[in-house]
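K.L.:
Kindly generate the corresponding structure for this input.
(chains A, B, C and D)
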There are 2 protein chains.
Amino acid sequence: MDAKQIHHGKESASCPMDFILRMLMGPWTTYILYNLKTHGPQRFGELKRRVASISAKMLTERLRTLEGAALVRRDYEATIPPKVTYSLTQRGHELDDVLGKLAEIGMRWEAEDAALRAARAAELKAAE
Amino acid sequence: MDAKQIHHGKESASCPMDFILRMLMGPWTTYILYNLKTHGPQRFGELKRRVASISAKMLTERLRTLEGAALVRRDYEATIPPKVTYSLTQRGHELDDVLGKLAEIGMRWEAEDAALRAARAAELKAAE
DNA sequence: GCTAGTAGGTACCAATTCGTAACTCATGGA
DNA sequence: TCCATGAGTTACGAATTGGTACCTACTAGC
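P.N.:
Predicted coordinates:
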């Protein structure tokens, strides 16, 4: 799946977070993880409705990747219609802290930037 | 630069880490941040030699993006030949903790996976 | 009999991404 | 005179990505 990543020689050993970041990225991954964390285990359709603009193809692909990385568990019940529930594994929950910190920093920066923009706008207004 | 990210309605507000993750990703970003953190401020060529297989184009583009996000500072001296030094900003250093934790988790998982593979290999050997 | 819902899979298509190779500018050295 | 250096920029081209539309199987409801 990531053929271009074969290049690195000695550098790869120095950056073990690379794998995780590659996992967390992709426009939808954080939404999925976030939803599974805050709303608990969910079925495919539920998840799809929550992320709204994601396509079924993408959601499937992301979930399969996350499953492959052992961050998400897939429970399949062969009822009719079938019922598939996704939940975070223990490994998935190990990211809670980091994701939380990331969210906190993101919000702080957003607030700082908003304050800066407001200050600049006030400055401009005072100057005219 | 990220035109596809306009879609989200109410969902975007619930995931402020999305911006940061989008920043941290891209095959090279973590290498760059890691190098600037561990080896201190560096010139373009130095950085390029450390990351080895990155192209000048990509390095420039990533550094510009990081600069735009205020994670990296660019100091340009118009000598001949020119001298450009890159360093982490305060904001860049705010990621130190998270990146460290991510690295720690990544290494732990790598070790766990290696142990698992070793166990499976031993099992196979015992079975034959 | 027709449609809707569940959980996807598949084919195709357009856009984006990333790498490679060549070019820039000014100077100092062989 | 030609080449190398530092820090890029630009053009081109191939591969990857992600979206849309359509297909599956099965059953319940109208």
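K.L.:
Identify the single longest helix in chain A, thanks.
P.N.:
For chain A, the longest helix by residue count, based on DSSP state H, is helix A:96-127.
K.L.:
now for that helix, which elements pack on it?
P.N.:
In this structure, helix A:96-127 packs against helix A:29-39, helix B:17-24, helix B:96-127, with contacts taken as 3 or more Cβ pairs under 8 Å, 6 or more residues apart in numbering or on different chains; DSSP states H and E. No exception for glycine: its C-beta is placed from N, CA and C like everyone else's.
K.L.:
now with 6 Å?
P.N.:
In this structure, helix A:96-127 makes packing contacts with helix B:17-24, helix B:96-127, judged by 3 or more Cβ pairs under 6 Å, 6 or more residues apart in numbering or on different chains; DSSP states H and E.
K.L.:
Please identify the most buried of those helices.
P.N.:
Neighbour counts averaged per stretch over the helices and strands packed on helix A:96-127 are highest for helix B:17-24, at a mean of 21; criterion: mean count of other Cβ atoms under 10 Å in any protein chain shown.
K.L.:
and that one, does that touch DNA strand D?
P.N.:
No: looking at helix B:17-24 against DNA strand D by Cβ under 7 Å from any atom of the strand, there are no contacts, and the closest approach is 10.9 Å.
K.L.:
Assign residue A:87 to one of the three secondary structure states.
P.N.:
Assigned state for residue A:87: strand (three-state reduction, DSSP: H, G, I helix; E, B strand; the rest coil).
K.L.:
Ok, residue A:53 next?
P.N.:
When classified by three-state DSSP, residue A:53 comes out as coil.
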